[in-house]
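Visitor: Sequence first, then the predicted structure:
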Amino acid sequence: MATLKITVNATARTVELDDPETPLLYVLRNDLGLTGTHFGCGLSQCGACTVLIDGRATRSCVTPTSSVQTRAVTTIEGLGSPERPDPIQAAFIAEQAAQCGYCTSGMVVAARALLQQNRRPNEAQVREALAGNLCRCGSHARVIRAVLRAAAGGR
Amino acid sequence: MTFSRRDFLKAGGVLVVGASLAPSLARAQTIPNADRFLGKPLEADRVDAFLAIHADGSVTLFSGKVDMGTGGRIAMRQIVAEELDVRPERITMIEGDTALTPDQGSTAGSYGIARGGSQLRQAAATGRQALLALGAARLGRGVEDLETADGVVRTKDGGASASYADLIGDKAFGVALDPKAPLRDPQRFRFIGKSLPRPDVPAKVTGRHKYLHDLTLPGMLHARVIRPPAHGATLKAVDESSIASVAGAKVVRIESFLAVVAEREWNAVRAARQLRAEWTGGTPLGDHATLFDSMRASTIVREQPITRRGDVSALDSPGPGVRTLSSTYRWPVHSHGSIGPSCGVADVSGDRATIWSSSQGTHRYRAAFARVLGLAPERVRVIYLDGAGSYGQNGAEDAACDAALLSKALGRPVRVQWSRQDEHGWDPKGPPQLLSLRAAVDERGEVAAWETRAWLPVSTANLPHLPFLAADAARIPQAQGRATGLIYQNIDPPYQYPNVDAVVRWIPDAPLRTSPIRAPGKIANSFAVESFVDEIAALAGADALAFRLKHLTNPRGVEVLRKVAARMGWQARPSPKPADPNAAIASGRGIAYVHYKHDETLVAMGMEVEVERASGRIRVTRVVCAHDCGLMINPDCVQAQVEGNVLQTLSRALHEEIVYDRERVTTVDWQAYPILTFPEVPPIEVELIQRLDAPPLGAGEAASAPVAAALSNAVFDATGVRLRTVPFRPERVRAALAGRPA
Ligand code: FES
Ligand code: FES
């Protein structure tokens, strides 16, 4: 049993793990109750598990928890809430940019990482930034519009 | 109209389940205190099965149909709000809980609104009449003097009123559904026809929406099931010592059903990877390389004529000046491809079971789970919780059965999470389809005869449910057979050609387990039919749009085609487009039309493409769709469904094919089974036709049907090359451009 200290959504947390290499995804979901980060493949192929680590979009399904002990983890829950959505989430709501929504939190987080690096991306850059995020329901067109809307300040 | 999303959240649109809650609450599905309704009427001919009005004036809507992300959650509220005359934000909805909702059949076939919603509408309309009658008694006035307004019955002169809460709060309606209860005048709709925002979206985009995958129960174990390395293999031995190093991990074995469980999910994952097991035998799968040849050579269970009219003898003995044409179209096996692999949670103890599932048919599967568990159906409760979109039937029911068997064996609640490889490898698949078409074209360019022969895997008659993987492995007897859905529809052209012979040749086998997949069969059938119409038009030197309109008698069909043509700026000319054969990129446009099942939604689809000759890569640059599904309850939700249908089907047509060797599926992740990605997504323009006075026809599937045909027609227009086998991957397109068989 290993005791690890990690910082998630600006809060210091301590977790006890049998295996310190446990992917961050499972720790977030099962130990910290942050179930907005989703399991889609465990293979770094779909983006459903995307979180920010020191501001960069990262696949939590292949990130050993031991590797993030000195870094800042931000999950979808750390961005905003239904009552106080962050600007990207507000844009997703305005565009109704989710169907089943299983892929959506990963896309919101990936969009956040993009807008932090590039405040006014064009459409091609949005598509490129989300190229690794898969959606089966076909919400893509609305997601692109939502990210562009957020980049334009919500309009 | 003011309509705050916050109100919805307050009204209970957000689920609250989780480890921190008492078990009774966790058990109470998604709505706190839902269990207080246990014992309520469930018969689908009773108003109380669908609706309850509470002492505070709020309303609970009990829906046997569920919302997998399609918008039913708002649309059903709009229907009730309209007909019962309450505000939508006052309505809480409980979906797909077998103990609380009426059995309205599976949520499938685009019938969620068309049938489920219509039933609900009638229930709400009946409820309003009952309230008027109660109001009449209370106010001492005749019903004809009364009206309703936002949860109140009042006299038309405004003198006296009584709230719904006062009239019936927390009491039963006690009336049967009246199929003749008057419906609201469509000209005065307040909620139906409006694009109200969906109540689930804010929670979904902020990570607060609780999915089935997020459900935890006190004492719950995490499980992973180990499927055999070859289909039908028998488990010979398990080396339990191989997982000794994983804390708390345990093996569960029932015959050849093998699983590992652990308190911690990651330990279950590790144990599943580490476990050594020995398997023998198995049932060899067919040869993937010769799938379509073996379908054509297969024994035929039954021939089913779909359309027969006139005389098609011109096909075999064409008169002078008559040309004949024949083509074969192939549609491969597809996975439903849910982004979240299937999950199931079960709590089986003693003679009771509660099963949480994202099944689109919780009512139907209750009896199935009961049978496998050896329980009476009334002892089993299946509660719907959202999963990732499933588009027919993915692995959800199998995962639920996995969990139920494990929970029964262990006496503790169990959560089974399938891996990505499990989902791609073992979800029941969309069946392959093979269609051969022939036509005779006379000297005027008219279709003198049309023939369709479709080789399709047959559904087993009266199969109660898809056989569970786990039950087979555990040697629990269950009915065997396959389900493919209504895959025979739309194999015949939607145009009034005088001589048509369209026949299904039902074949007994399919390479893998099958289940309905979105728009069952109709995508491949329309792909064949609408591509072949294009082939005939090209042979006749006719414009593809004019050629269709000439024999299309349905005015609503004409309207959608004309709308697409107008928006695309369609230039009448024959295909292919005259082009420089040496240009690196060839561009073209195509059109296709479907009248879904010949009596439902009407869709025209236009597409513009660029084909990169050197690589064979197809880029879709524009999609235009006109869509008439009759009455739209919520146009924005319809629009989202159309977009989703287009993109999902483009993905299937451009990229997807399940491949298997003699033992198992080999395309078990997103690398081997790629789907459409953001950079490929074309702009989609959708024109929706609202018909307030017409019945709703369904929007969940129809727009997927013409997609592959529009695509192949556009590629033909650009290159003069006809693609008849899906997927249109670059290597296949390159081969076709080089004149090799594709
Ligand atoms: S779950 Fe991590 S990328 Fe798919
Ligand atoms: S919204 Fe369902 S997978 Fe993207």
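Guide: Arrived safely. The shown structure was predicted, so the numbers you read here are calculated from the model rather than taken from an experiment. Ligands and ions are numbered 1, 2, ... in the order given.

Visitor: helix, strand or coil for residue A:101?
Guide: Following DSSP: H, G, I helix; E, B strand; the rest coil, the label given to residue A:101 is coil.

Visitor: That one: neighbouring residues, count only.
Guide: 28 (other C-beta atoms under 10 Å in any protein chain shown). Backbone N, C-alpha and C define where each C-beta goes, glycine included.

Visitor: Can you tell me the closest non-neighbouring residue to it?
Guide: Among residues not flanking residue A:101 along the chain, residue B:204 sits closest, at 3.2 Å (C-beta to C-beta, 6 or more residues apart in numbering or on different chains).

Visitor: Just confirm the one you found contacts residue A:98, I think it does.
Guide: Yes. With contacts counted by C-beta atoms under 8 Å, residue B:204 reaches residue A:98, the gap being 4.6 Å.

Visitor: Overlap in contacts, the two.
Guide: By the contact definition C-beta atoms under 8 Å, 6 or more residues apart in numbering or on different chains, residue B:204 and residue A:98 are jointly contacted by residue A:104.

Visitor: Who are the contact partners of residue B:552?
Guide: B:494-496, B:558, B:561, B:593.

Visitor: let's see 10 Å
Guide: Applying C-beta atoms under 10 Å, 6 or more residues apart in numbering or on different chains, we find residue B:552 in contact with B:493-496, B:558, B:561, B:593, B:595.

Visitor: what's the answer for residue B:683, then?
Guide: Residues near residue B:683 by C-beta under 10 Å, 6+ apart: A:123, A:141, A:144, B:608, B:620-624.

Visitor: repeat that with 6 Å
Guide: Residues near residue B:683 by C-beta atoms under 6 Å, 6 or more residues apart in numbering or on different chains: residue B:622.

Visitor: still on that earlier bit, please convert the contacts of residue B:552 to a markdown table, extending it with secondary structure and pLDDT.
Guide: Converted to a markdown table, these look like this (DSSP: H, G, I helix; E, B strand; the rest coil; pLDDT from 0 to 100):
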| residue | secondary structure | pLDDT |
| --- | --- | --- |
| B:493 | coil | 98 |
| B:494 | coil | 98 |
| B:495 | coil | 98 |
| B:496 | coil | 96 |
| B:558 | helix | 98 |
| B:561 | helix | 98 |
| B:593 | strand | 98 |
| B:595 | strand | 98 |
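
Visitor: Outline the domain layout of the chain.
Guide: Since you didn't name a chain, this refers to chain A. Annotated domains of chain A cover A:2-78, A:87-151 [automatic domain parsing].

Visitor: Chain B, not that one
Guide: Split by automatic domain parsing, chain B gives B:5-21+B:214-282+B:336-426, B:34-206, B:513-737.

Visitor: quick one: the longest one near ligand 1?
Guide: No. No part of domain B:513-737 sits near ligand 1 under the criterion C-beta under 6 Å from any ligand atom; the closest distance found is 8.0 Å.

Visitor: Quote the end-to-end distance of that domain.
Guide: Domain B:513-737 has an end-to-end distance of 35 Å (criterion: C-alpha to C-alpha, to the nearest Å).

Visitor: and it, how far out from the chain's middle?
Guide: Here domain B:513-737 is found 18 Å from its chain centre; the criterion is C-alpha atoms, centre = their mean, to the nearest Å.

Visitor: Ok, the first one next?
Guide: Put simply, domain B:5-21+B:214-282+B:336-426 sits 22 Å off its chain's centre (C-alpha atoms, centre = their mean).
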